[in-house]
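**Student:** here are the coordinates; sequence isn't available:
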């Protein structure tokens, strides 16, 4: 065991062991590898010892190229990156990778499995923990990588219920949103994906303000995951999961049927909806001024002087 580091201890340790083995085979010192990848030698030491900050995607690509690893390190990188997530989040992702069925309700944004690259970038850009553009691109790469399973032979059945607000909020701007709506419409030719829309007129429901995911595993067991803006919760207790699964079924029953949902998405895309007619900020300001002026004229109507609010003429 080189340097006393156990490669099985973590994905970062495995990554470091691979870097060390490839570097040694190439006859390079840590300083020489650092020169080739434009980092200081101590950074290479940290990676090989699985200490310090985890390697960035950019550095993983540079190491892969410098060591002729044929994408081995790049393919390992998402697993190293995932270790930075909280335990419950990481465990949920592990469940999701094995699930045979995924049922999602989204209240605010399109679920990650169906996001376009630009839409994902716009969503992830507003993260509270975002530190740099490089970190943003890493998160986008990781999210898009999770979508690859939808094209594999063991792909899961995906059933998504979108709150109407998801369609009407132009995340990333009108151009980005147009492409995202196009992506949702393309699900009509993907038999393993079903999309429904829960319209505003259905009123209140049990998952308002958050999202809900129910995963079915190969053995038939289920887990649930709820998420808000800055938190998430993995539910594994069978009784609680059954309750959340029932909640999801009620949402699915209240939503528009799939074909009607696609018609609504198409209508939003074509701007044939009331949300497209919302005036701009400057127009709203102008309308507010006009309404104030009209209100003033009504109070002066009849030729009398304007009576200050709260005062009444004497008897």
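**Tutor:** Thanks, I have the structure now. Everything numeric in this text was worked out from a predicted model, so none of it was measured.

**Student:** Strands of the protein, start to end?
**Tutor:** 101-106, 157-163, 193-198, 211-216, 222-227, 232-235 (DSSP state E).

**Student:** Now render those strands as a markdown table, adding mean pLDDT.
**Tutor:** A markdown table is the format used below for the strands of the chain (pLDDT from 0 to 100):
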| stretch | mean pLDDT |
| --- | --- |
| strand 101-106 | 96 |
| strand 157-163 | 96 |
| strand 193-198 | 96 |
| strand 211-216 | 95 |
| strand 222-227 | 92 |
| strand 232-235 | 85 |
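
**Student:** Which among these is found nearest to residue 259?
**Tutor:** Counting by Cβ to Cβ, residue 259 lies closest to strand 193-198 out of the strands of the chain; the figure is 9.9 Å. For the C-beta atoms, the positions are set from N, CA and C on the backbone; glycine is no exception.

**Student:** Partner strands of that closest one, with direction?
**Tutor:** strand 157-163 (parallel) (DSSP bridges).

**Student:** Which residues in the strand it pairs with does the neighbour count mark as buried?
**Tutor:** The neighbour-count check on strand 157-163 (16 or more other Cβ atoms under 10 Å) flags 158-163 as buried.

**Student:** what do you get for stretch 22-32?
**Tutor:** Result for stretch 22-32 [16+ other Cβ under 10 Å]: buried residues 22-23, 28, 30.

**Student:** Test my guess that residue 66 contacts residue 32.
**Tutor:** No. Assessed by Cβ atoms under 8 Å, residue 66 is found out of contact with residue 32, at 9.3 Å.

**Student:** Hmm, residue 141 and residue 57 touching each other?
**Tutor:** Yes. The criterion here is Cβ under 8 Å, and residue 57 meets it with residue 141 at 5.8 Å.

**Student:** The two: which is more packed in?
**Tutor:** residue 57 (20 against 16; other Cβ atoms under 10 Å).

**Student:** tell me the contacts of the more buried one?
**Tutor:** 74, 77, 81, 134, 137-138, 141 (Cβ atoms under 8 Å, 6 or more residues apart in numbering).

**Student:** Take those residues and keep only those in helices.
**Tutor:** Mapping those onto helices (DSSP state H) picks out 74, 77, 81, 134, 137-138, 141.

**Student:** so which of the contacts of residue 57 is the most crowded?
**Tutor:** residue 77 (27 neighbours).

**Student:** ok, and the closest non-adjacent residue to it?
**Tutor:** Spatial nearest neighbour of residue 77, chain neighbours left out: residue 60 (4.1 Å); criterion: Cβ to Cβ, 6 or more residues apart in numbering.

**Student:** Return the closest of the buried residues of stretch 22-32 with respect to residue 120.
**Tutor:** The nearest member of the buried residues of stretch 22-32 to residue 120, counting by Cβ to Cβ, is residue 22 at 31.4 Å.
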